[in-house]
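Undergrad: Sequence below, structure please.
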Amino acid sequence: MVTTPPLPLLTLSLLYLAMHASSATHWQDVQVLKQLKGTIAPSSIPPASCIDSWDFSVDPCDSLFSDKFTCGFRCDDSSSRLTELTLDSAGYSAPLSAVSWSSLPYLQSLDLSANNFSGPIPQSLSGLPRLRRLALSRNSLSGPIPHSLGSLTQLEEMYLDNNMLNDSIPPALNGLKNLRRLEFQGNQLSGELPDLTQLATLNFLDASDNALSGNLPAALPPSLVELVARNNQIQGTIPAFAAPSLQVLDLSHNKLSGSVPASLFTHPSLEQLTLSFNQLDSVQVPGDSGLTSPLISVDLSDNRIRGLLPGFMGLMPRLSALSLENNELTGPIPAEYAMKVLGSGLGTAQFERLLLGGNYLFGAIPGGFLDLKAGSLTVRLGDNCLYRCPIRFFFCEGGVQKSFDQCRAFGPIIP
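TA: Residues are numbered from 1 along each chain as shown. So this is what the prediction gives:
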């Protein structure tokens, strides 16, 4: 009997290297890619698109940017596992739930935005433990946001906007401990905006253009820089948010009532405040008269705010855009506003945009306004009860003054 002597160690090493010299794509990853292409409706695959170029007669990771695999994904050089998968905005049509996404455990970025993917968000996405970016924007996805997505603890960005998602926002999203950006605007989500204060790294949250209702959460994530939740059905009062990093707050086009809290005018970092088209009825005066406020833009238009114009806003050092249009404010235009319009306020920014139309302001136009040149800045004083504000003055455009009967009917204080 003849026995074959064992191969020397060096020979074994060379044989191993030869067998693994090509970075063959992991078989599970190839399986998912084939499954994804097979699921997409052939009629939605345009020529020369990413999917159209996928030809499995060759190995994907060995053929990136060739005529077989022109684009679509990136492979890890050491393990030949897919780390990124991005499909061009070609309008591909397929149910996402038909793909076994959990078979791509090395995936770090999944971007399927701006196509026509349909059906529910797959539960199998929760089986991607390394995922850092999930982008499913501008598709036709429906159903609820799966609670299981809260298990993606490495996720930093999640884009679910402009779909047809419904039901409530699951509090389970608090499990996304590394999340920095969360967008689900342009859906049909309902219920309350949940308390997401456990998201300690969240910077940006956009929940606009949904059907959210109920009250605002009492607190926001401490790292939040921008909260946008316009065009919903949110009601109740505005809490005194303590989020120290907040710079932009947009809650316009809702059903908020009560006062604009003084805390918003003493907030240490808030620069843009938009609360237009609500049912707010008053503005609280801050204890420091807003002298420390970093606010640059304030829009409180189209509410039900009554009383005198808040004079303290003319003292806010950085405020350059103020809109109080279409409320029920009365009284004369404060001298602080006139000084700020002319840029003569001591140590304060000039008003570049001052919109006060559609109220019940009365009295004479402050003299300084008459020195303004058309085009120098935007000022609207039309549709008030002001004395001698003909529309030939550019700042009186946007509507003639109310009639004497309208003004007197509003309140006996108007002379």
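Undergrad: C-alpha only now, for contacts and for neighbours.
TA: Noted.
Undergrad: Now do the same contact list for S269.
TA: Listed by Cα atoms under 8 Å, 6 or more residues apart in numbering, the contact set of S269 reads P244, S245, L246, Q247, S293, P294, L295.
Undergrad: Would you mind splitting the protein into its domains for me?
TA: Listed by automatic domain parsing, the domain ranges of the chain are 26-143, 237-415.
Undergrad: from the chain's centre, how far out does the last one sit?
TA: When distances are taken as Cα atoms, centre = their mean, to the nearest Å, domain 237-415 is centred 26 Å away from the chain's centroid.
Undergrad: Likewise for the first one?
TA: Chain-centre distance of domain 26-143: 26 Å, with Cα atoms, centre = their mean.
Undergrad: measure that domain end to end?
TA: 32 Å (Cα to Cα, to the nearest Å).
Undergrad: And stretch 197-206, by the same measure?
TA: 15 Å.
Undergrad: Equivalent analysis for stretch 359-370, please.
TA: 20 Å.
Undergrad: ok so, going back, switch the contacts of S269 over to CSV; also include distance to E226, secondary structure and pLDDT.
TA: Below are these laid out as CSV (distance: Cα to Cα, whole Å; DSSP: H, G, I helix; E, B strand; the rest coil; pLDDT from 0 to 100):
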residue, distance to E226, secondary structure, pLDDT
P244, 11, coil, 94
S245, 9, coil, 96
L246, 6, coil, 97
Q247, 6, coil, 98
S293, 17, coil, 96
P294, 15, coil, 97
L295, 14, coil, 98
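Undergrad: related to what we said a few turns ago, between the domains of the chain, which has the poorest average model confidence?
TA: Within the domains of the chain, the stretch with the lowest mean pLDDT is domain 237-415, showing a mean of 91.
Undergrad: thinking again about what came up before, of the contacts of S269, just say which sits nearest to Q284.
TA: Using Cα to Cα, S293 comes nearest to Q284 of the contacts of S269, at 14.1 Å.
Undergrad: Just give me how far stretch 163-173 sits from the chain centre.
TA: Using Cα atoms, centre = their mean, the offset of stretch 163-173 from its chain centre is 16 Å.
Undergrad: Would you mark the buried spots in that stretch?
TA: Residues of stretch 163-173 classed as buried by neighbour count (16 or more other Cα atoms under 10 Å): N163, M164, L165, N166, D167, S168, I169, P170, L173.
Undergrad: before we move on, back to that, out of the contacts of S269, who has the most neighbours?
TA: Most neighbours among the contacts of S269, by other Cα atoms under 10 Å: L295, with 26 neighbours.
Undergrad: Sketch out the helices for the protein, chain order is fine.
TA: 9-19, 27-39, 50-53, 335-342, 404-410 (DSSP state H).
Undergrad: N359 is nearest to which of the ones you listed?
TA: The closest of the helices of the chain to N359 is helix 404-410. By Cα to Cα, the value is 9.7 Å.
Undergrad: Thanks again, I'm all set now.
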